[in-house]
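Q: sequence first, then the predicted structure:
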Amino acid sequence: MIWRRCPQVIRLVSNLSKHKNYSEKKTGIRFIEASHNMASTSSDAENTPQNYQNKLAFEKSPYLLQHATNPVEWYPWGNEAIEKAKRENKLIFLSVGYSTCHWCHVMEKESFEKPEIAAIMNKHFINIKVDREERPDIDKVYMTFIQSSTGHGGWPMSVFLTPNLAPIYGGTYFPPTDKYGQPGFKRILEALANQWHERKDHLVTSGAAYLKALKEASEPTCEDADDVPPSKSAETCVKQLIRSYEPKFGGFSDAPKFPQPVNFNILFLIYAKDPKSETGKKCLEMCLHTLTKMAKGGIHDHVGQGFARYSVDAKWHVPHFEKMLYDQSQLLVSYVDAYLSTKDLFYAEIADDIVTYLTRDMQHKEGGFYSAEDADSKPSHNDTEKKEGAFYVWKHDEITSLLNATIQNHDNLKLSDIFCYHFDVKPDGNVSPRQDPHGELLSQNVLINYGSFEETAENFNLTTDEVKTHLQEALKILFVERSKRPRPHLDDKIITAWNGLAISGLSRAAAALDKPEYAAHAEAAANFIKNYLFDKNTKKLLRSCYRDSSNKITQPSNPIEGFQVDYAFVIRGLLDLYESTFNTEWLQFAEQLQDIQDSLFWSEEKGLYYSTTASDETVIVRHTDEQDGAEPSGNSVACGNLIRLSSYLSCSDYMHKAKEILRSKHDILTVMPVVNPELVCALINYNDSPTQIYIAGNKNSSDTKEMMKIVRSQLLPGKIIMLVEGDDVDNILHKKNEVISKMKSVNGRATVYICQHRMCSLPISNAADLLTQFDKRKEESGA
């Protein structure tokens, strides 16, 4: 697993291993190696207020409310539960998950809903539930322990703590009885309760040792480097990605396959910097092949749009069906970059597809975006049990019945014939038992296209356009039919960081595809953050908010303050939104948030941002983000933001902080940059300086719009675009960027200046000349 490559975690594994044998020998409890396949995702419990049985009933998180009906005496994370554990001298059982987590719900049904198991939990433990999406800080601390002690990680995360919050034992999913090569949860509870009664001192000693190792691992591991790493780190990163690349179906691992958009970001950047080199061509090939296979695969919802979280197989065929906001938002950028690289409308259509899903199914009426949709749902309204993927899969008979129309001028050809051929629909289903160990997809089909429109057209003696028309007709029919099924649970928690990613994706798509309506959705989300997720009294972001039964936005009595990633992701979104709208209000808000982020999270000693503030004493370790994963790390995104803000606002302190982050990450960027591809992007822009493009003209004039369209049609990752409107001298750019006043329109026409390395091109006032200038720069970069 990639987390083992990080120096801090390697050191933690070493430190923990010193104490592991001691713990096993003294306590009689061995660490259980949880199966990776057991830990990932799921659906919701049917609960109503009158059924609430524990203190989670007073929470807002959909995940916590799902467990409010359990017979377990759950507490939310906080002083009440922790003080109770100390007062009663009991172990804490900490269960961490999220509302769309499949195996979280399996464990709930098998264990937490069972009175016999709940009775043991209530008698011997103080039981705490945490929504990892609300509290990534708590999740990070104890997931580090789980990964280091078991070699695996995932959700649900199950950890046993001393009253002082030191971990002593844990894993992910535990079956209720001995199964899957694991001891049952009931047996674990009884063993730990007995050990706490008989050998408490030994458990406390072990916990203290683990806690010490966790704290040591969170400290920097290398001496300060004299300077930032050289750009050669990018070459190393690409080589490492090439080694992990799977050429047949794309992606950067074997099964299970995750999209990993951070990898696309660095590869598109390397290609854009050197498009004619063999390395540049390889980077583009890996991106396009992977994105194409994903778009044609079952991980892509061909009927209802959007992408699932990952594929359980190497072909991108059978997904884990939950849909996450952070995946949609980042993949939107990836498909936009693919379009800009090729001008192939296929990629633009997939980008449009993602926007359709986001704005139709995931956006609150006031602009904020919800977190996720579940993998599980009831196969029909008459069913009581949920199944994974039930909303998304199709039986062959359903397809033939729904698509029974005869194709005009082809008497023996049905619409279903074309559809089943193109999407690999088979009478007995197209899911291998190897991808369906629990038999939930028996006789079902997950739509996937292994071929092309051209191949389908040739097979049926049709034109390509005819095939596309027929398939679109079929998909519309299936969409209407599918909408009659019970929908998966929607986690309607609105998370600040993920909304920042959505703002970025929509803004980038609006600019590249010339669709201002996408920017309007991004602005609605940005205004939502200002209205509901920015505390105007404390001048701090909040982590999340919720909607009540009347669809109004609400907050708990003690809202969770934002983490560093909330600031970093929103700032990036605001910078992208500025470049999409040229509304300097967003640039000003980005600067405000950057200064708040610096005051709350920056460590001058470490040269990095902490993930959390120091205000919550219940968080026993204060981490800095270590690597880019399904989401980029807060420090990686912040570094890129600082470089961009330095260019916009001529602020040397921002560039100084970017330099410090890169210096602090010198070792990892030199030896194993593949764990921080987003930070490598920032490194390239730091060493090479981003391209700055000034457009002098009236935003609403036709000539300015034409020049904007040309600039936005170029693949220029890391670019800085600024609009200079002569009559608007009171905005933040005019006040802080001294270069702005020198950028004038020529002869009353919109004029473009392209600058890099403190040198600017001659003014360009002709669209054809601007295109020529970009072509010339491509030739020079890829000589």
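A: Good, I have the coordinates. Here the structure is a predicted model, which means the values were calculated and not measured.

Q: before we move on, which element is Leu600 in?
A: helix 584-601 (DSSP states H and E).

Q: can you list contacts of that helix?
A: Applying CB atoms under 8 Å, 6 or more residues apart in numbering, the contact partners of helix 584-601 are 526, 530, 539-541, 564, 567-568, 570-571, 574-575, 577-578, 609-613, 638, 641-642, 645, 648-649, 654, 657, 728, 731-733. Backbone N, C-alpha and C define where each C-beta goes, glycine included.

Q: buried sites along it?
A: Across helix 584-601, burial judged by 16 or more other CB atoms under 10 Å covers 584-591, 593-594, 596-598, 600-601.

Q: let me know the closest of the residues you listed to Thr751.
A: Thr584 (19.3 Å; CB to CB).

Q: how distant is the helix holding Leu600 from the center of its chain?
A: Between the centre of helix 584-601 and the centre of its chain there are 22 Å (CA atoms, centre = their mean, to the nearest Å).

Q: ditto for stretch 465-480
A: Taking CA atoms, centre = their mean, one finds stretch 465-480 lying 31 Å from the centre of the chain it belongs to.

Q: before we move on, what about stretch 261-273?
A: 17 Å.

Q: using CSV, list the CA coordinates for it.
A: Extracted in CSV, the C-alpha atoms of stretch 261-273 (Å, rounded to 0.1, in the frame of the first residue of the first chain):
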residue,chain,number,x,y,z
PRO,A,261,-7.3,12.3,-10.4
VAL,A,262,-4.1,13.7,-8.8
ASN,A,263,-2.1,11.5,-11.1
PHE,A,264,-3.9,13.0,-14.1
ASN,A,265,-3.0,16.5,-12.9
ILE,A,266,0.7,16.0,-12.9
LEU,A,267,0.7,14.0,-16.2
PHE,A,268,-1.3,16.7,-18.1
LEU,A,269,1.1,19.3,-16.7
ILE,A,270,4.2,17.4,-17.8
TYR,A,271,2.6,16.9,-21.3
ALA,A,272,1.7,20.6,-21.5
LYS,A,273,5.2,21.7,-20.6
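
Q: what's downstream of the helix holding Leu600, the next helix or strand?
A: Following helix 584-601 toward the C-terminus (DSSP H and E): strand 602-603.

Q: what's the helix or strand following that next one packed up against?
A: Sequence-wise, the next helix or strand downstream of strand 602-603 (DSSP H and E) is strand 608-609. Applying 3 or more CB pairs under 8 Å, 6 or more residues apart in numbering; DSSP states H and E, we find strand 608-609 packed against helix 634-649, helix 652-664.

Q: go again using 7 Å as the cut-off
A: Strand 608-609 makes packing contacts with helix 634-649 when contacts are defined by 3 or more CB pairs under 7 Å, 6 or more residues apart in numbering; DSSP states H and E.

Q: what's the burial count for the nearest residue to Ser231 once chain neighbours are set aside?
A: Residue nearest to Ser231 in three dimensions, not counting chain neighbours: Asn687, with 4.7 Å by CB to CB, 6 or more residues apart in numbering. By the criterion of other CB atoms under 10 Å, Asn687 has 15 neighbours.

Q: excluding chain neighbours, give the residue nearest to Ile477 in space.
A: With CB to CB, 6+ apart, the residue lying closest to Ile477 is Leu402, at 5.6 Å.

Q: hmm, Val480 and the one you found touching each other?
A: No - with contacts counted by CB atoms under 7 Å, Leu402 stays clear of Val480, the gap being 9.2 Å.

Q: with neighbour numbers in mind, choose between these two.
A: Taking neighbours as other CB under 10 Å, Leu402 and Val480 compare with Leu402 leading, 18 against 11.

Q: list the contacts for the more buried one?
A: Counting by CB atoms under 7 Å, 6 or more residues apart in numbering, Leu402 touches Ile477, Leu478, Glu481.

Q: and the second one, that's in a helix?
A: Yes - counting by DSSP: H, G, I helix; E, B strand; the rest coil, Leu478 falls inside a helix.
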